[in-house]
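Participant: My questions concern the predicted model and sequence given below.
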Amino acid sequence: MKGNFQIVGQNLVWQAEQETLMLQPWGMDGVRVKATLNNQFLNLPHALEVAPLPTYATKIELTEQGAIFRHGKVQVEIDLKGRLSFYRANTSELLLAELPGYATLPPARRWQPNGGAYRLEVAFLPNADERFYGMGQHQHGRLDNKGCIIELEQRNTEVCVPFLVSNRGYGFLWNNPAIGRAELGFNHTRWVAEATRQMDYYLVVGDSPAELLERYAEVTGHAPMLPEWAAGFWQCKLRYKTQEELLAVAREYKRRGLPLAVIVIDFFHWTMLGEWKFDPQCWPDPAAMVKELDEMGVKLMVSVWPAVNAYSANYQEMRSQGFLAHSEQGSQVQTWLYDTYPGRDAPLTFYDATHPEARRYVWEQVRKNYYQYGIKVWWLDADEPEIIPFDHKLIRYYAGPALEVGCLYPLMHQQGFYEGMRAAGETEVVTLSRSAWAGSQRYGAAVWSGDIASTFEVFRAQVAAGLNMAMSGIPWWTTDIGGFHGGDITTPYFRELIVRWFQYGVFCPLFRLHGVRAPEADGSGAANEVWSFGDEAYPIITHLLFLRERLKPYLLAQMKQAHLKGLPAMRPLFVDFAGDTAAWTIADQFMLGPDLLVAPVLDEGARSRVVYLPAGTEWVEAWDGTAYPGGTQVEVKAPLNQVPAFWRKGSPAAFGFGEV
């Protein structure tokens, strides 16, 4: 021990007054930073798994000015007052530094008592040229999050995954599930937890964005290999009301000779929320339904909600066993929503997904009421969960108060289904969720962008939302093709929108049609099958269905890299062209794997668009074979039946998209 410093194994500990800070080597080129005002560190909920052991030793040096901690490519310097600065070890380039302390300003790490916990702020110096990518899925429409305030909480369409990748060459995970926010400002960067018991974050240094994503996957978990069937076309609408209606749609796809991989049973198919079973009047023979679909080569996905109706058969038992999220104030009701019983708004409580026995209980209901019929694909809707009123102070979970652990809910919910499926002997686990947290990828969780509007403006925002989700370590992502609400299938506006959205969706990791459609007559939405949008749209869309089939070998090869290396198939241009400064600024194009560039048409009425082709290679237009040099902007034709797309010249996977 020297002064305020102590070396414990490969860890460096600093103590002053009431605060204890620890630096731990974490995986390759990463450091985990923890601090507390308590007398010891607590094993609180977090995202990091056991880190892989590096092939080199950590080096710690105590100096007159403080201490230096070196671990692979990361170097951390800590002064006598505990201020942290992070460097690239081989060049001594400063990457990130806490705010310096001044007598009249708050410290870089600011602890304010909040009940039995603390309100914590951690602040870093700004860098004018810095760009931030990742941070989950948000609807602000920006790819670069610099200048944004990001709420650290789960909401419908807003997904909190607090991991960012900086263009300065580091990745940063706020390893804390507390409700809070990230202020990625121009005057400072500040992370806030409204209630927490200790500081915990992970910083990793890499030579490229791809390397940072690989290191992040090593410490938070790898996505499984996407099953081949999941790469096909998913048909869904709000909603198929009966077994016969759903089967008729699947039969029609097969009659027309159209590819169909998955068909979906949405909500209100159940007796009531919290019973997790079919209404037998509408779904009289699930086993026969699954058998017929299997014979067609179609998987069945069923919507499973985490809410429990107070009238349901399981409510009292779950309440007595402590399996429900607890209301801190007022009645044991966390939201009101229309349910099949009593046929009007019902009082609902969410099950406690942070409780291991509650997760097992819910899976057991799902196993005996769905899985036993052969259903193996799960739609985990409304798993933020969506509480009303939206006030986390009102809820306590098994893992702690919602203010401290609220962002964890979707991760724990996904874990319950993953573990249940694996215990049943299943190796292919795919869930579709409306939310996620850091590490959700390890449980086979795909995410879609939630209940978004059917407009070109909202459509445009999804491109950046999906790319930031990819940079957050979640490689399985999709949207409701056409948007969720507000789309009238009889209007020229929507028919153009659905075509352009299909042209985007065909290149997304998951290819899925869904939405409430107008004119709505009976609460289940208008028709939403590929033949529902008019004679002009139909041949274009069906061409895209077959294009997806042709893309599947290439896509699955990229999904293997997502599984093995944490490299998402759908990603920003700069992941593959980090040395091209212009590539870091492009928010409305993306790469699908290393060889296919896609530039979706995002504006109503557009019949051409400008495309940036990254430097360092030549590009071949996928429709007509025209070659273009890299490092240039080109304006290309984009009639309604074509989406601008380019193969990297010489790609072994390249093929022409052909005539519609």
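Facilitator: Received, thanks.
Participant: Counting by contacts, list what the helix or strand that contains residue 251 packs against.
Facilitator: Per DSSP states H and E: residue 251 is located in helix 243-255. Packing contacts for helix 243-255, counted by 3 or more Cβ pairs under 8 Å, 6 or more residues apart in numbering; DSSP states H and E, involve strand 233-235, strand 262-265, helix 286-295. Backbone N, C-alpha and C define where each C-beta goes, glycine included.
Participant: Mean confidence (pLDDT) on the last one, please.
Facilitator: Per-residue pLDDT values across helix 286-295 average out to 98.
Participant: what do you get for stretch 515-529?
Facilitator: The average pLDDT within stretch 515-529 is 92.
Participant: Give me the distance between that stretch and the centre of its chain.
Facilitator: 27 Å (Cα atoms, centre = their mean, to the nearest Å).
Participant: Next, the distance between the ends of it.
Facilitator: 10 Å (Cα to Cα, to the nearest Å).
Participant: and it, which residues are buried?
Facilitator: Judged by neighbour count (16 or more other Cβ atoms under 10 Å), stretch 515-529 contains these buried residues: 515, 516, 517, 518, 524, 525, 526, 528.
Participant: List the pairing partners of whichever strand or helix holds residue 150 within its sheet, with orientation.
Facilitator: Element membership for residue 150 (DSSP H and E) is strand 149-152. With DSSP bridges as the test, strand 149-152 is paired with strand 180-184 (antiparallel).
Participant: and after the partner strand, which helix or strand comes next?
Facilitator: Strand 180-184 is succeeded, C-terminally, by strand 189-196 (DSSP H and E).
Participant: so how far is the helix or strand just after that following strand off the chain centroid?
Facilitator: For strand 189-196, the following helix or strand on the C-terminal side (DSSP H and E) is strand 199-205. Relative to its chain's centre, strand 199-205 lies at 20 Å (Cα atoms, centre = their mean).
Participant: ok, now stretch 507-525?
Facilitator: How far stretch 507-525 lies from its chain's middle: 21 Å, per Cα atoms, centre = their mean.
Participant: what angle separates the longest helix seen in the chain from helix 243-255?
Facilitator: If you go by DSSP state H, the chain has its longest helix at helix 537-565. Put simply, helix 537-565 runs at 90 degrees to helix 243-255, going by axes from the mean of the first three to the mean of the last three Cα atoms, to 10 degrees.
Participant: list the buried ones in helix 537-565?
Facilitator: Residues of helix 537-565 classed as buried by neighbour count (16+ other Cβ under 10 Å): 537, 540-545, 547-548, 551-552, 554-556, 558-559, 561-563.
Participant: now swap in stretch 17-24 and tell me
Facilitator: Quick answer for stretch 17-24 (16+ other Cβ under 10 Å): 19, 20, 21, 22, 23, 24.
Participant: Make sure the first one is actually in contact with residue 38.
Facilitator: No - contact between residue 19 and residue 38 fails when scored by Cβ atoms under 8 Å: they sit 9.9 Å apart.
Participant: just to revisit the earlier point, export the buried residues of stretch 17-24 as TSV, with columns for pLDDT.
Facilitator: Below are the buried residues of stretch 17-24 laid out as TSV (pLDDT from 0 to 100):
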residue	pLDDT
19	96
20	97
21	98
22	98
23	98
24	97
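Participant: Which of those residues sits closest to residue 655?
Facilitator: Nearest to residue 655 out of those is residue 24 (Cβ to Cβ; 48.4 Å).
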